[in-house]
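Student: Structure for this input, please:
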Amino acid sequence: MTRDTLTGVYDRLTGLIGKLPGGLQKPILRELTPIKELFLEQRPSRLFLVGAAGPTPLKFLASLGTAKLEVGVSDNGWRSHVAKGRGEIQILDGRQGVPDAFVAGALDRHAPDVVIFFGHGEAGWEEWESSAARAGACTAPVIGLESESAGRLRERFDGPLGKRLSAVLAADDPARDEAICEALPLPARLEFARVTNARRAQAHIAGSLLKSFSALCGVIGVQPIPLADLPILTTLQTLMVGMIIHTTGRPFSARLAAEFLGALGVNIGAGLALREGARALVRIVPIWGNAVSGFVAGAGTYAIGKAAIAYFIEETPITETRKIFHAVLPRFGKKPPAPPALPGGPGTA
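Tutor: All right, here's what the predicted structure looks like:
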């Protein structure tokens with residue numbers, strides 16, 4: 001998804017929200033903040049490597065499970081590593097043997113998002129002071145990676161540097177990509193998760209989308225005007241699924257999102273029955289009817305999002321995904337008929 005496409009999607013979304021009553025626009029736009037930071041302000045992550053000599057930046061990224069990478073240009077020491085169609089990661093290698101002036105110039109050019117500190121091993125602690133000084137030259141969170149023989153890494157961190165220590169992991173810990181992604185600022189997380197194919201990190205980002213879109217749809221669902229909000233709810237739910245697909249590294253696809261919703265049995269008719277079934281409660285319990293209606297709109301969106309995460313990120317079969325969807329979905333009226341099979345599978349773009 002290009003920046004122009006993202007901007008267009010966001011503008012259409014805010015345009016839809018602009019049609020709602022003025023008192024609702026501010027809280028809804030507040031829920032859009034993480035979506036804006038993750039998607040509209042998306043940029044490459046910047047990793048600063050310090051400490052002991054270890055794998056080359058390319059091999060280090062490959063060990064995280066990245067897609068095929070091409071080494072790109074250098075921007076004053078920050079070397080780009082590009083996964084075509086997914087994004088890039090920029091790395092500054094400031095480990096042993098790199099001149100201080102080179103590191104200082106690169107840090108003046110760009111501040112890192114995360115410092116990756118490689119443990120020195122039993123024979124290399126004489127290099128600790130210079131490594132710690134380089135890590136202390138910025139304010140980014142620090143993640144320590146240590147070999148089995150470098151068990152003293154955590155105890156070496158103290159003072160201001162220790163306060164920035166986010167995690168200490170084994171050099172081959174499979175959770176490294178997720179720990180790094182969690183330490184990144186929001187605008188840098190999406191591209192990192194797409195490039196490294198970090199499933200748990202992708203699920204975490206998708207969970208942020210799920211929270212925001214569920215809240216948005218819940219607020220919109222409170223509106224007492226029958227049918228008027230259905231186009232907005234349908235658009236938001238389809239957009240949410242498309243963004244979850246994009247999080248996995250696939251291109252944003254409205255077509256695939258629509259096919260997925262159809263495979264779940266979600267359509268205008270089903271949405272109308274669910275939505276207006278809840279609104280019928282207004283005639284029975286006037287005070288709580290609209291609140292329940294808003295809950296149903298939000299919970300229905302949440303069920304769709306949980307199913308999309310299960311299918312596209314966790315690669316759950318569509319039959320099991322439907323069970324997840326119906327287990328979360330509020331029950332108003334009869335269960336819809338069995339939907340058609342989804343063309344392809346979780347890996348279909």
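
Student: Distance from the host helix or strand of E259 to the middle of the chain?
Tutor: Element membership for E259 (DSSP states H and E) is helix 254-264. Here helix 254-264 is found 20 Å from its chain centre; the criterion is CA atoms, centre = their mean, to the nearest Å.

Student: Stretch 58-70 too?
Tutor: With CA atoms, centre = their mean as the basis, stretch 58-70 stands 19 Å off its chain's centre.

Student: How about residues contacting it?
Tutor: Contacting residues not belonging to stretch 58-70 are listed as 49, 54-55, 71, 81-84, 86, 89, 91, 116, 172, 176-177, 180, 195-198, 249 [CB atoms under 8 Å, 6 or more residues apart in numbering]. C-beta: built from backbone N, CA, C; applies to glycine.

Student: what's the weakest-modelled helix or strand in the chain?
Tutor: Least confident helix or strand, the chain: helix 281-284 with a mean of 41, by mean pLDDT, DSSP states H and E.

Student: ok, then the element right after the host helix or strand of A133?
Tutor: Using DSSP H and E, A133 falls within helix 128-135. Next along the chain after helix 128-135, taking DSSP H and E as the criterion, comes strand 142-146.

Student: what mean pLDDT would you report for that following strand?
Tutor: Computed over strand 142-146, the mean pLDDT rounds to 93.

Student: Can you list the strands that that strand pairs with?
Tutor: strand 114-118 (parallel), strand 165-170 (parallel) (DSSP bridges).

Student: mean pLDDT lowest for which of those?
Tutor: Minimum mean pLDDT among the strands paired with strand 142-146: strand 165-170, a mean of 92.

Student: I'd like to know which elements the helix or strand just after that strand is packed against.
Tutor: Sequence-wise, the next helix or strand downstream of strand 165-170 (DSSP H and E) is helix 176-183. Judged by 3 or more CB pairs under 8 Å, 6 or more residues apart in numbering; DSSP states H and E, the packing partners of helix 176-183 are strand 114-118, strand 142-146, strand 165-170, helix 186-196, helix 199-221.

Student: ok so, going back, buried subset of the contacts of stretch 58-70?
Tutor: Neighbour counting with 16 or more other CB atoms under 10 Å marks 49, 54, 81-83, 86, 89, 91, 116, 176-177, 180, 195-198, 249 as buried within the contacts of stretch 58-70.

Student: Check the offset of whatever helix or strand L61 lives in from the chain's centre.
Tutor: Take DSSP H and E as the rule and L61 turns out to sit in helix 57-63. In terms of CA atoms, centre = their mean, the centre of helix 57-63 is found 21 Å from the chain centre.

Student: May I have the strands that pair with the helix or strand just after that helix, each with its orientation?
Tutor: Remark: after helix 57-63, the chain's next helix or strand is strand 70-75, criterion DSSP H and E. In the sheet, strand 70-75 lines up against strand 78-83 (antiparallel) (DSSP bridges).

Student: Distance from the partner strand to the middle of the chain?
Tutor: Remark: strand 78-83 is offset 20 Å from the chain centroid, using CA atoms, centre = their mean.

Student: That one: what's the following helix or strand?
Tutor: Going down the chain from strand 78-83, the next helix or strand is strand 87-93, by DSSP H and E.

Student: contacting residues for the nearest residue in space to S212 that is not next to it in sequence?
Tutor: Leaving aside its sequence neighbours, S212 sits nearest to E31 (CB to CB, 6 or more residues apart in numbering; 4.7 Å). Residues near E31 by CB under 8 Å, 6+ apart: S212, A215, L216, V219.
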